[in-house]
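# Prediction below, plus the sequence it came from.
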Amino acid sequence: MLGPPCRRRAARRGPSTRSVLNAAVDTLRIGVIGTGNIGTSHARSLAREVSGAQVAWLYDADTARAVALADELGANVAPNAEQLIASSDAVVIASPDALHAEQALICLDAQRPTLCEKPLAPTVADARSVVDAEVDLGRRLISLGFMRRFDPGYVALKESMPAIGQPLIVHNAHRNSFAPYGLTTSGTLTNSAIHEIDINRWLLDDDYATVQVIAGRPGLRTPDGELDPILVILTTRGGVLVEVEAFVNAAYGYEVRCEIVGSEGTVEMGDGAFLTRRAERTMGHALPELWLGRFEDAYRRQLQAWVDATHAGRTSGATAWDGLIATITANAAVDSITGGPQSIDLPARPALYA
Ligand SMILES: NC(=O)c1ccc[n+]([C@@H]2O[C@H](COP(=O)([O-])OP(=O)(O)OC[C@H]3O[C@@H](n4cnc5c(N)ncnc54)[C@H](O)[C@@H]3O)[C@@H](O)[C@H]2O)c1
């Protein structure tokens with residue numbers, strides 16, 4: 001049942017030789033790898049909300065999924081990731097975590113500007129291979145999908161920090177209605193809490209020195225052998241305490257909180273809700289079930305910033321280096337579950353990321 005997409009495929013044989021790095025183009029032809037939750041959301045946003053780009057190519061290991069979205073958006077379906085990359089001006093990687101590094105390496109080899117979803121990789125070795133390849137290339141092409149850096153709530157939080165003096169403690173909560181992808185405890189750290197690892201480093205402009213994970217008793221929905229909820233306690237090199245509650249089976253809804261305690265006051269991020277409802281002797285607002293309900297605006301702003309930066313020959317937001325630091329920190333947190341508090345040893349920062 002590959003009628004229309006096959007015709008689209010036949011219309012363009014062989015990879016395009018056009019490269020956005022060598023020629024000014026008005027509209028970037030974007031290829032999206034992975035058309036699940038976030039790939040579909042990114043592709044729709046690129047097609048309908050972001051200027052300077054069009055969704056030209058889609059690829060998913062589940063062909064029917066890519067075909068359905070291609071029909072909706074008028075895009076082409078590529079037979080594999082390699083051909084998508086060769087045919088696109090720029091690439092969004094939205095496949096499962098373990099595939100990001102190998103697909104990012106193909107993008108670097110083809111010199112395609114790439115927005116890679118987080119994490120850069122679940123393992124330090126894979127994340128390191130992408131940084132090494134980019135350093136060898138001598139040019140930054142990878143932007144990493146730590147979209148909270150574009151969220152109006154976090155941006156306002158960072159802007160307000162000078163008013164509270166010296167930051168001392170950051171309290172974070174990251175709660176999911178249910179564990180995405182059937183996350184294990186290590187996945188909670190390398191896939192989910194990695195958002196807090198990156199955004200607190202960005203807020204504080206400081207690297208981490210130590211990390212420790214603490215677990216209490218499991219919740220009612222915690223799978224056998226897993227830890228949930230957990231507390232991740234980090235210290236930064238500058239001496240700030242960063243505490244993260246990661247609770248992936250919180251059931252009641254999706255919620256992300258962040259409060260910074262400073263020497264002169266505190267500041268707490270708003271929750272992104274614009275309406276307060278009063279009814280049945282209760283005051284409050286609806287909670288989303290998934291991250292898309294909370295961070296929709298951040299995803300759109302991230303995509304527009306990436307498209308604009310690509311037109312200008314730059315990357316935007318988090319870099320591959322930020323992705324490597326986050327993966328090193330998340331893996332040290334995993335090690336602390338059995339090994340106790342871990343110090344975080346970071347490699348020297350290459351000049352490419354100065
Ligand atoms: N930045 C964020 O807030 C955010 C939010 C959600 C997901 N993500 C990240 O995006 C990625 C995808 O998450 P999702 O929720 O969309 O997952 P998903 O399971 O809904 O989608 C993944 C898609 O990848 C496809 N796929 C599997 N193997 C593939 C391959 N070899 N090549 C191409 N596609 C392949 C699957 O068929 C599926 O359609 C994950 O790495 C996740 O961490 C980030």
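Everything's here; your move. Computed from a predicted structure; not experimentally measured.
# my read: Arg300 touches Glu49, true?
Yes: with contact defined as C-beta atoms under 8 Å, Arg300 reaches Glu49; the gap is 5.4 Å. C-beta: built from backbone N, CA, C; applies to glycine.
# Are there residues contacting both of these two? Which ones?
Counting by C-beta atoms under 8 Å, 6 or more residues apart in numbering, Arg300 and Glu49 have no shared contacts at all.
# Neighbour count for the two, which is higher?
Using other C-beta atoms under 10 Å as the criterion, Arg300 and Glu49 rank with Arg300 on top: 19 against 13.
# could you say which helix or strand contains that one?
helix 291-311 (DSSP states H and E).
# How far does that helix sit from its chain's centre?
11 Å (C-alpha atoms, centre = their mean, to the nearest Å).
# Give me the sheet partners of whichever helix or strand comes after it and which way each runs.
Proceeding N to C from helix 291-311, the next assigned helix or strand is strand 318-319, under DSSP H and E. Here strand 318-319 is paired, per DSSP bridges, with strand 142-144 (antiparallel).
# Pull the residues that contact the strand it pairs with.
104, 107-108, 113-116, 118, 120, 130, 134, 306, 309, 315-320, 322-323.
# 10 Å - rerun?
Applying C-beta atoms under 10 Å, 6 or more residues apart in numbering, the contact partners of strand 142-144 are 90-93, 100, 104, 107-108, 112-120, 130-131, 133-134, 198, 302, 305-306, 309-310, 314-324, 326.
# overlap between those and the residues near the ligand?
117-118 (C-beta under 6 Å from any ligand atom).
# about what we covered before: show me which parts of the helix holding Arg300 are buried, residue by residue.
Under the neighbour-count criterion of 16 or more other C-beta atoms under 10 Å, helix 291-311 has 291, 294-296, 298-307, 309-311 buried.
# And for stretch 149-168?
So stretch 149-168, judged by 16+ other C-beta under 10 Å, has buried residues 149-151, 153-154, 157-158, 161, 164, 167.
# related to what we said a few turns ago, now, of the contacts of strand 142-144, which are buried?
By 16+ other C-beta under 10 Å, those give 90-93, 100, 104, 107-108, 112-120, 130-131, 133-134, 198, 302, 305-306, 309-310, 315-324, 326 as buried.
# Below-threshold pLDDT in the protein: ranges please.
For the chain, the stretches with pLDDT under 70 are 1-24.
# Please list all residues in contact with the residue of the stretch 1-150 of the chain at minimum distance from the ligand.
Residue nearest to the ligand within the stretch 1-150 of the chain: Gly36 (1.8 Å; C-beta to the nearest ligand atom). Going by C-beta under 10 Å, 6+ apart, Gly36 touches 60-62, 65, 94-96, 181.
# Serialize those to TSV and add fields for neighbour count, distance to Leu346 and secondary structure.
TSV is the format used below for the contacts of Gly36 (neighbours: other C-beta atoms under 10 Å; distance: C-beta to C-beta, whole Å; DSSP: H, G, I helix; E, B strand; the rest coil):
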residue	neighbour count	distance to Leu346	secondary structure
Asp60	25	35	coil
Ala61	15	34	coil
Asp62	11	38	coil
Arg65	16	38	helix
Ala94	25	28	coil
Ser95	23	27	coil
Pro96	13	26	coil
Tyr181	13	28	helix
